[in-house]
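Colleague: After the sequence you'll find the predicted model.
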Amino acid sequence: MRPVECAACGNQVLCEKFSPAHTSVQWTAEAAVVCAEFRGRVTEGGSTARIRTCRGLRDSIDRAVEDGILEVADA
C-alpha cells in the first residue's frame, strides 16, 4: 500500500490498485474530521464505515496513478 494525499483536504490514506477499477483504501481515524465531505455526511447522521470514498480523494488517487506514484498491480 502506498500513501496518497487528498489534494482537496490533505487527508492521507493508504492505497493499492489491483486493476483500473479495483482500489483498496485504508482510511485513517481522522478522516471524518479532516475531510469536509466525510464531516458533512457524519454530521447528517451517517457513519464513516458506510462511506466508500469522496470525490476529492478519488481524483487524487487517479492523479497518483497518472503520475506513476500509485501503480496498478500486474494481473
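Modeller: Done, it's in. Everything quoted here is computed from the prediction, not taken from an experiment. Residues are numbered from 1 along each chain as shown.
Colleague: need the next SSE after the helix or strand Val13 falls within, C-terminal direction.
Modeller: Using DSSP states H and E, Val13 sits within strand 12-17. Once the chain leaves strand 12-17, the next helix or strand it forms, by DSSP H and E, is strand 23-26.
Colleague: counting contacts, what elements does that following strand pack onto?
Modeller: Strand 23-26 sits against strand 12-17, helix 55-66, with contacts defined as 3 or more CB pairs under 8 Å, 6 or more residues apart in numbering; DSSP states H and E. For the C-beta atoms, the positions are set from N, CA and C on the backbone; glycine is no exception.
Colleague: List just the one of those that sits closest to Arg39.
Modeller: If you check each of the helices and strands packed on strand 23-26 against Arg39 by CB to CB, helix 55-66 wins as the nearest, at 12.3 Å.
Colleague: And the closest one, what's buried?
Modeller: 56-57, 60-61, 64-65 (16 or more other CB atoms under 10 Å).
Colleague: Stretch 4-15 too?
Modeller: For stretch 4-15, burial by neighbour count (16+ other CB under 10 Å) applies to 4, 6, 8-9, 11-13, 15.
Colleague: Closest to the mean position in this protein, which residue would that be?
Modeller: In the chain, the C-alpha nearest the mean C-alpha coordinate belongs to Leu57, at 4.4 Å (CA atoms, centre = their mean).
Colleague: tell me the contacts of that one?
Modeller: Leu57 sits next to 4, 6, 8, 11, 13, 25, 35 when contact means CB atoms under 8 Å, 6 or more residues apart in numbering.
Colleague: Same list, these, but as JSON lines with pLDDT please.
Modeller: Formatted as JSON lines, the contacts of Leu57 follow (pLDDT from 0 to 100):
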{"residue": "Val4", "pLDDT": "93"}
{"residue": "Cys6", "pLDDT": "92"}
{"residue": "Ala8", "pLDDT": "91"}
{"residue": "Asn11", "pLDDT": "88"}
{"residue": "Val13", "pLDDT": "87"}
{"residue": "Val25", "pLDDT": "88"}
{"residue": "Cys35", "pLDDT": "84"}
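Colleague: Since that was my last question, I'll sign off now.
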